[in-house]
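[1] What follows is a predicted protein model with its sequence.
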Amino acid sequence: MKPEPPADDFEAVLQPLWARAQSGDEGAYREALRRIADRLRSFLRRRMQSLPDDVEDLVQETLLAIHLQRGTHDPEVPVSRWALAIARHKLIDLWRRRGRREALHDPLDELAEGDHPAVMEELPVRRDLETLLAGLPQAQRQAIVLIKLEGLSVAEASQRSGVSVAALKVQVHRGLKRLAELVRKAP
Amino acid sequence: MKTNDLIDLLATGAGPAPRGVAARRLAPAAALGALASAAGALGVLGPIPMELFVDPGPWLKLAYAGGLAVGAAWLAARLGRPVARIDGPVRLLLLAVALMALLGALALLAAPPGGRLAALLGHSWQRCPFNVLALSLPALAGALWALRGLAPTQPRAAGLAAGLLAGALGALGYALSCTELSPAFIAVWYSLGIGLAGALGCAMGPLILRW
């Protein structure tokens, strides 16, 4: 197994990928999200030892939040710090919803993150994309299926569906927001 | 759903990150809040006579409230981001409050000893903070809505910023119908009204700023 590089190396690799992703490089965005997901998994697993079955669900919820809020990343702030702040927020939100106040006293530091072995393999999740998509309004589901799952360009998707380009973009964004709400409210 | 499938879904067709998200949400909320505050002040409380604008008093109120509104909007925009850098806006807010306190203190010193209490209390000190608070409520609703769509990770602080912004906009409107002219009055009672709105926002933050 490859040892996890120290925290600064993680940021050093992630930062240029993220900068390209923010300006629209899809491949860099995918790679950055994969790296962030691995980091989130080890971050959350350490803090959710009483809820191991929820770790991957929270990784996914955090990734959705990161995507929907990518406009709030301040280039002056390290990407890893920003992503972990969102993860911490989602973790606190989960504890609050579960009524587990005492768990807030768990160590919430991020400094020694790089010292811990990364959990590379995915953990099992309980929710299913099909089921979640079925919970979306038809227009949002169609936009997500065409653009996000089939990978059509917005122009192609517009031709196929007869919906305008602007409307499709809005439906994708609303659909992902709705998806994030469904994920958050799932048991 | 596999996490890698989710990542593919998020990345596919993602395009560049949206720009100026904080400004795009906060600016309309602040503009509508300011309009509501001005409309409430002029429509319900009534405007001050135009002659009063030859005195620096109303202009001082507008400048103080406007300065605080800029600082608080900046602070709210920063606190809408995870890992907020708040030094700049906090310094601006403290500077505005300190300048106003200095002007108020100088005005009290310049007043004849017997007239100091009258300058401080004016004729409406009991109403002023609550009028500012009442006029700030539409802006508070708007600012909290705007922040809820961003990513505040410190809900109390973000709520406080939203409250201070709303309070400053409430004071901006109230300046149009308040006939007090003493800087000492403004420094104390306007600040108190804005602070009350800030406290209300701070209390509401954890309840509303969930995402």
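    Cool, got the structure. Numbers count the residues shown, from 1 in each chain, chains lettered A, B, ... in the order given.
[2] helix or strand for residue 96, which one?
    No chain specified, so I'll use chain A. In the assignment (DSSP states H and E), residue A:96 maps to helix A:79-98.
[3] The intended chain is chain B.
    helix B:87-110.
[4] Ok, residue B:145 next?
    Under the assignment here (DSSP H and E), residue B:145 is part of helix B:128-148.
[5] what's the closest non-adjacent residue to residue B:133?
    Excluding the flanking residues, the one nearest residue B:133 by C-beta to C-beta, 6 or more residues apart in numbering or on different chains is residue B:196, at 4.7 Å. (C-beta placed from N, C-alpha, C; glycine too.)
[6] And the helix holding residue B:145, what does it pack against?
    helix B:21-40, helix B:56-79, helix B:155-174, helix B:191-208 (3 or more C-beta pairs under 8 Å, 6 or more residues apart in numbering or on different chains; DSSP states H and E).
[7] list the buried ones in that helix?
    B:128-129, B:131-144, B:146-148 (16 or more other C-beta atoms under 10 Å in any protein chain shown).
[8] angle of that helix against helix B:155-174?
    130 degrees (axes from the mean of the first three to the mean of the last three C-alpha atoms, to 10 degrees).
[9] Spell out which parts of chain B neighbour chain A.
    Residues of chain B lying near chain A by C-beta under 8 Å from any C-beta of the partner chain: B:1-22, B:80-83, B:85, B:150-151, B:153, B:210-211.
[10] Now list the buried members of these.
    B:1, B:3, B:6-14, B:17, B:21-22, B:80-83, B:150-151, B:153, B:211.
[11] For the spatially most central residue of chain B, give me the pLDDT.
    Centroid-nearest residue in chain B: residue B:165, 2.1 Å away (criterion: C-alpha atoms, centre = their mean). With respect to pLDDT, residue B:165 scores 98.
[12] Check the spacing between it and chain A real quick.
    18 Å (C-beta to the nearest C-beta, to the nearest Å).
[13] Would you map the helices across chain A?
    In chain A, the helices defined using DSSP state H lie at A:7-22, A:26-47, A:55-68, A:79-98, A:129-134, A:138-143, A:154-161, A:165-185.
[14] Now mean neighbour count, mean pLDDT and distance to chain B too, for these, in JSON lines please.
    Formatted as JSON lines, these follow (neighbours: other C-beta atoms under 10 Å in any protein chain shown; pLDDT from 0 to 100; distance: least, C-beta to the nearest C-beta, whole Å):
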{"stretch": "helix A:7-22", "mean neighbour count": "17", "mean pLDDT": "90", "distance to chain B": "4"}
{"stretch": "helix A:26-47", "mean neighbour count": "21", "mean pLDDT": "95", "distance to chain B": "4"}
{"stretch": "helix A:55-68", "mean neighbour count": "24", "mean pLDDT": "94", "distance to chain B": "4"}
{"stretch": "helix A:79-98", "mean neighbour count": "20", "mean pLDDT": "93", "distance to chain B": "4"}
{"stretch": "helix A:129-134", "mean neighbour count": "14", "mean pLDDT": "84", "distance to chain B": "4"}
{"stretch": "helix A:138-143", "mean neighbour count": "18", "mean pLDDT": "93", "distance to chain B": "10"}
{"stretch": "helix A:154-161", "mean neighbour count": "16", "mean pLDDT": "91", "distance to chain B": "7"}
{"stretch": "helix A:165-185", "mean neighbour count": "17", "mean pLDDT": "90", "distance to chain B": "8"}
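[15] Just put those in TSV and tack on distance to residue B:119.
    Converted to TSV, those look like this (distance: least, C-beta to C-beta, whole Å):
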stretch	distance to residue B:119
helix A:7-22	54
helix A:26-47	57
helix A:55-68	52
helix A:79-98	47
helix A:129-134	64
helix A:138-143	60
helix A:154-161	64
helix A:165-185	53
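[16] what about the helix holding residue A:96, distance to the chain center?
    11 Å (C-alpha atoms, centre = their mean, to the nearest Å).
[17] which helices and strands sit right next to that helix?
    With 3+ C-beta pairs under 8 Å, 6+ apart as the test, helix A:79-98 has helix A:7-22, helix A:26-47, helix A:55-68 packed against it.
[18] Show the backbone phi and psi for the residue of chain A most remote from its centre.
    The C-alpha centroid of chain A is most remote from residue A:162, which lies 30.4 Å away (C-alpha atoms, centre = their mean). Here is the backbone geometry of residue A:162 (degrees, to the nearest 10): phi 80, psi 10.
[19] Pretty sure residue A:136 sits against residue A:178.
    Yes: counting by C-beta atoms under 8 Å, residue A:136 does reach residue A:178; the two are 5.5 Å apart.
[20] which residues do these two both contact?
    Common contacts of residue A:136 and residue A:178 (C-beta atoms under 8 Å, 6 or more residues apart in numbering or on different chains): none found.
[21] Let me know the secondary structure of the closest residue to residue A:89 other than its chain neighbours.
    Excluding its sequence neighbours, the residue lying closest to residue A:89 (C-beta to C-beta, 6+ apart) is residue B:153, at 4.4 Å. Three-state assignment for residue B:153 (DSSP: H, G, I helix; E, B strand; the rest coil): coil.
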